[in-house]
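Peer 1: Would you be able to build a 3D model of this:
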Amino acid sequence: MPSGATHDRITLWSLPLVTGATLAITRSSELTLWVAGGFLFGGLMLSPDLDLRSRPFRRWGWFRWLWIPYQKSLHHRSFISHGVLIGTVVRVIYLLFWIAVFGFAIGAIAVQFSAIAWGWTDLGEWIGRTLKEHRWSGLALFVGLELGSISHILGDHIGSTYKRYQKYGWSGLWKKRPSRKSAPRRRSTARKPTKRKRSNK
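Peer 2: Here you go, the predicted model:
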């Protein structure tokens with residue numbers, strides 16, 4: 001498995017390729033900026049390695065404690081943390097949950113100490129309008145986050161494959177682990193005691 005520094009280099013070296021490909025496909029500098037920003041954030045901050053005390057975990061600084069429950073709930077390199085698409089979805093939902101908690105707390109305090117009359121219905125309508133107006137930007141951001149995650153997953157698989165090649169050669173690339181089969185039961189050779197027939201004599 002590559003080190004944290006190697007994953008960072010993969011992210012930074014891949015950024016020009018991701019930026020150029022996105023600009024060629026979308027022909028939009030705004031969407032390209034969202035994808036590139038999401039790719040950087042997904043590779044350096046919202047990395048699959050947040051399931052352990054890694055470089056991305058330490059980069060959160062004072063807020064790294066937010067990811068401790070996430071780490072305790074998952075095993076390293078599990079399907080939920082290192083799976084394609086599902087890993088990014090879970091981390092985004094987890095992060096949005098904490099943002100919502102802080103946002104609602106700050107909003108409730110602001111309403112109590114200000115003259116602004118703002119209810120939960122108004123807040124829900126504002127969130128709905130924002131998501132509708134910026135849906136393409138949000139989609140571009142998510143694509144960037146997923147590409148950053150995929151670059152990390154590919155780095156892990158390439159590193160693991162290379163280590164198998166170094167250890168076992170070409171045969172180690174497709175060699176399967178032998179399955180453990182239960183040994184057949186041996187028949188007992190001891191004779192069962194026979195019952196003696198009673199004589200009529």
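Peer 1: Output the longest helix belonging to the protein.
Peer 2: What stands out as the longest helix in the chain, according to DSSP state H, is helix 135-168.
Peer 1: Show me what that one packs onto, helices and strands only.
Peer 2: Contacts defined by 3 or more C-beta pairs under 8 Å, 6 or more residues apart in numbering; DSSP states H and E place helix 135-168 against helix 4-26, helix 29-44, helix 79-82, helix 86-112. The way it works is simple: take the backbone N, C-alpha and C, and place the C-beta from them, glycine included.
Peer 1: tell me the average confidence for that helix?
Peer 2: Confidence over helix 135-168 (mean pLDDT, whole number) is 85.
Peer 1: on that earlier part again, any chance of TSV for the helices and strands packed on helix 135-168, columns mean neighbour count?
Peer 2: Below are the helices and strands packed on helix 135-168 laid out as TSV (neighbours: other C-beta atoms under 10 Å):
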stretch	mean neighbour count
helix 4-26	15
helix 29-44	20
helix 79-82	18
helix 86-112	13
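Peer 1: Tabulate those helices (a markdown table), appending mean pLDDT and distance to S151.
Peer 2: What follows is these, written out as a markdown table (pLDDT from 0 to 100; distance: least, C-beta to C-beta, whole Å):
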| stretch | mean pLDDT | distance to S151 |
| --- | --- | --- |
| helix 4-26 | 92 | 5 |
| helix 29-44 | 96 | 6 |
| helix 79-82 | 87 | 12 |
| helix 86-112 | 88 | 12 |
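Peer 1: Which one of those lies nearest to S137?
Peer 2: S137 sits nearest to helix 29-44 of all these, at 5.2 Å, using C-beta to C-beta.
Peer 1: how many degrees apart are the closest one and helix 86-112 in direction?
Peer 2: For helix 29-44 against helix 86-112, the angle by axes from the mean of the first three to the mean of the last three C-alpha atoms, to 10 degrees is 100 degrees.
Peer 1: Nearest to W65, out of the helices and strands packed on helix 135-168?
Peer 2: Within the helices and strands packed on helix 135-168, the stretch nearest W65 is helix 86-112; the backing value is 10.3 Å (C-beta to C-beta).
Peer 1: who wins for proximity to Y70 among the helices and strands packed on helix 135-168?
Peer 2: Closest among those, using C-beta to C-beta: helix 86-112, at 5.8 Å.
Peer 1: mind checking how far the helix or strand just after that closest one is from the chain centre?
Peer 2: Proceeding N to C from helix 86-112, the next assigned helix or strand is helix 120-133, under DSSP states H and E. In terms of C-alpha atoms, centre = their mean, to the nearest Å, the centre of helix 120-133 is found 28 Å from the chain centre.
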